[in-house]
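Q: Requesting a structural model of the entry that follows:
(one chain, ligands or ions: 1)
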Amino acid sequence: MSGSQATTGQATTDGDLAQVLASAVDRRRNFAIISHPDAGKTTLTEKLLLYGGAIQQAGAVKARGEQRKVTSDWMELEKQRGISITSTVLQFDYGTTTINLLDTPGHQDFSEDTYRTLAAADNAVMLEDAAKGLEPQTRKLFEVCRMRKIPIFTFINKMDRPGREPLMLLDEIESELGLTPWAVNWPIGSGEQFRGVIDRRTKEVVLFSRAERGKQANEQRLSLDDPALRELVEEELLDLAVEEMEFLEAAGAELDIEMVHAGELTPVFFGSAMTNFGVRPFLDAFLEMAQRPIARSSSDGLVDPLREGFSGFVFKLQANMDPRHRDRVAFVRVCSGRFEKDMTVKHARTGKAIRLSRPQKLFGQDRAVVEDAYPGDVIGLNNPGMFSIGDTLYVGSKVEYEGIPCFSPEIFSWLRNPNPSAFKNFRKGVNELREEGAVQILYDTDESKRDPILAAVGQLQLEVVQHRLENEYGVETRLEPLGFQVARWINGGWAELEKVGRIFNCKTVRDAWNRPVLLFKNEWNLNQLREDHPDLELSSVAPVVSGVEPISL
Ligand code: G4P
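A: Below is the predicted model:
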């Protein structure tokens, strides 16, 4: 199933290991897709997996059992297409490359995990619907990528349908995201008149022919100056495409790979995932330009993936992923060294030594025990409650990764415990679930209001917390929505807030590190505050706090 099999644990000397590690890192590419629901992420994923031969390879094409619950977009894919590709990460080989595709849940399961996944990604594919351009969820995810300076590759999808002007789509990326777009290919027509794309680097035209829905369209290739082209494509469509391309050349940006890796320039591809048009050229170009697993920031500076000792961090925890197993899995992004089964690692937060005897690689319903893994890979560890989001595991000299910040929640609800005799369990559950990172907990500034406020990015997150409180801690709780939708931290803390004096149309609460958080009913109220108090610096992401005990219930 994975490329790691080719490099499985035969290294006997340090020199061998270094070589095996270097070659594994060199071969790996890791990415996540950022998009808004319905842009075509599932369709694109499916096509990429088919190219990688991953679906057949993993033996995962199978009828879907009725008993499974939808908890991820990929599960949704299973439901729709009757195939099984559910996972937090999909690893597959394509040519000589081992690709790790990280899932960014986006539909009803959009949650803080979606943002956190980007902490484990080295590259992102920004998928847009050609008719819609940038959409809200894409923008939010883009902000997280920008914060981490992740290289972004843009795929403009659904070119077989009427869409917006390609130049306008590029302009939107530039003006609204501040990201320089560089079109790698350029479309000839769109919608009913979509005729194909011109590769700007080779000046080759790839013609599109409408295939039966869902089937792969033919890709006929011709040189741009081939006279036969004019017989196949209407003159005015071709002339317009060439004119627009000349305009792009005149605009002068270069496809500068360093700028791509710095997250400042995005290579843009036009295509159609459903008809499988332009997907393979996109994959090839992406693999050529994408970043290898990168060095990561830790308390001791950057940690190179080639560092001999294994290290990695937990970016996602999942409870009861499969109702039949009732297990809890901690997903670890490998950052350096080689991970091996049965390895004993140090848990940086507690200093405890842990033997990792049942590491898993999940692919659909198949759970393979991982023998080894390399930087850029993700492993699933059985989690009997000792791991929290952001925890570092390492071998050798101590490494502690930066941790994963808190992302702006969008749903806020009082969590009520109607049964006072269950308070002890209620308190234990709330504190533990907060520590694990399942949900953010906010507190009223009025200390007489003791009940915690659950703050989450998606509704499903709240439901999971309630469900777990009931099943794991035996407390039935009640949610009481607060009616806010936007949260912002104040960069200067309480002192800055006091300077501003009384503010209107928002509620001030405290997070678990006693930082002030402002809650707004909508973006409009937030913008109003910005206008009234331009000096107040607000942030939609709060950094990790270390060395300070959080407020517990
Ligand atoms: P998502 O995971 O981003 O939410 O999107 P998904 O792939 O499920 O695609 C959303 C809809 O867009 C699907 O249609 C899908 O077939 C369609 N789609 C994806 N890529 C293209 C494309 O290149 N061209 C066109 N014309 N449509 C595309 P649906 O009707 O919702 O579902 P289905 O009945 O096709 O499965």
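Q: Compute the distance between the closest residue to the ligand within the stretch 351-500 of the chain and Ile34, please.
A: Proximity to the ligand, evaluated over the stretch 351-500 of the chain using CB to the nearest ligand atom, is greatest for Gly458 at 14.7 Å. For every residue, glycine as well, the C-beta is placed using N, CA and C. According to CB to CB, to the nearest Å, Gly458 and Ile34 sit 15 Å apart.
Q: The two: who's more crowded?
A: Ile34 (29 against 21; other CB atoms under 10 Å).
Q: one step back: and the residue of the stretch 351-500 of the chain closest to the ligand, its phi and psi?
A: phi -140, psi 150 (degrees, to the nearest 10).
Q: Over to Leu462?
A: Torsion angles, degrees, to the nearest 10, at Leu462: phi -70, psi -40.
Q: Am I right that it is in contact with Ile411?
A: Yes - the pair Leu462 / Ile411 is scored as a contact, 6.3 Å apart, by CB atoms under 8 Å.
Q: okay, how far is it across stretch 417-431, tip to tip?
A: End-to-end span of stretch 417-431 (CA to CA, to the nearest Å): 14 Å.
Q: same check, this time on stretch 197-208
A: Span of stretch 197-208 from end to end, CA to CA: 8 Å.
Q: if you look at that stretch, does any of it touch the ligand?
A: No - applying CB under 6 Å from any ligand atom, one finds stretch 197-208 separated from the ligand by no less than 10.8 Å.
Q: what pLDDT, on average, does that stretch get?
A: For stretch 197-208, mean pLDDT is 93.
Q: got the buried residues for that stretch?
A: By 16 or more other CB atoms under 10 Å, the buried positions in stretch 197-208 come out as 197-200, 204-208.
Q: Just the closest of those residues to Asp377, please.
A: Asp199 (32.0 Å; CB to CB).
Q: The residue of the stretch 351-500 of the chain closest to the ligand and Ser540, how far apart?
A: 16 Å.
Q: Ser299 now?
A: 25 Å.
Q: The two: which is more packed in?
A: Neighbour count, other CB under 10 Å: between Ser299 and Ser540, Ser540 has more, with 18 against 14.
Q: Now do the strands in the stretch 51-200 of the chain.
A: 89-94, 97-102, 123-129, 152-157, 180-183, 185-188, 196-199 (DSSP state E, counting those that start in this stretch).
Q: Need the contact partners of the longest one.
A: Which is strand 123-129. 29-36, 38-41, 44, 118, 134-135, 138, 141-142, 145, 150-158, 163, 169, 266, 286, 290-291 (CB atoms under 8 Å, 6 or more residues apart in numbering).
Q: now the fourth one
A: Outside strand 152-157, the residues that touch it by CB under 8 Å, 6+ apart are 31, 34, 39-40, 43-44, 123-130, 142, 145, 163, 166, 169, 173, 179, 181, 263, 266-273, 282, 286, 289-290.
Q: Which PyMOL command selects the buried ones in those?
A: Applying 16+ other CB under 10 Å to the contacts of strand 152-157 leaves a buried subset, and the PyMOL line that selects it is:
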select buried, resi 31+34+39+40+43+44+123+124+125+126+127+128+129+130+142+145+163+166+169+173+179+181+263+266+267+268+269+270+271+272+273+282+286+289+290
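Q: returning to what we had before: now do the shared contacts for Leu462 and Ile411.
A: What both Leu462 and Ile411 touch, as defined by CB under 8 Å, 6+ apart, is the set Ala456.
Q: Give me the below-cutoff pLDDT ranges for the chain.
A: 1-12, 53-87, 211-218, 319-327, 359-368, 384 (pLDDT under 70).
Q: what about Val18, distance to Asp377?
A: No, residue 18 isn't Val; it's Ala. 18 Å.
Q: what do you get for Arg488?
A: Distance from Arg488 to Asp377, by CB to CB: 35 Å.
Q: Compare the two (neighbour count), which wins?
A: Counted by other CB under 10 Å, Arg488 and Asp377 do not tie: Asp377 has more neighbours, with 28 against 22.
Q: and this protein, which residues reach the ligand?
A: So the chain meets the ligand at 35, 37-43, 73, 80, 157-158, 160-161, 272-275 (CB under 6 Å from any ligand atom).
Q: Now the buried members of these.
A: For the residues of the chain next to the ligand, buried by 16+ other CB under 10 Å: 35, 39-43, 73, 157-158, 160, 272-275.
Q: State the pair within these that is farthest apart.
A: Farthest pair in these, by CB to CB: Asp73 and Asp160, 22.1 Å.
Q: about what we covered before: my guess is the residue of the stretch 351-500 of the chain closest to the ligand contacts Gln108, does it?
A: Yes - counting by CB under 8 Å, Gly458 touches Gln108, with 7.3 Å between them.
Q: Report how many residues lie close to the closest residue to Lys203 other than its chain neighbours.
A: The shortest distance from Lys203 to any non-neighbouring residue, by CB to CB, 6 or more residues apart in numbering, is to Leu224 (4.5 Å). The number of residues packed around Leu224, counting by other CB under 10 Å, is 16.
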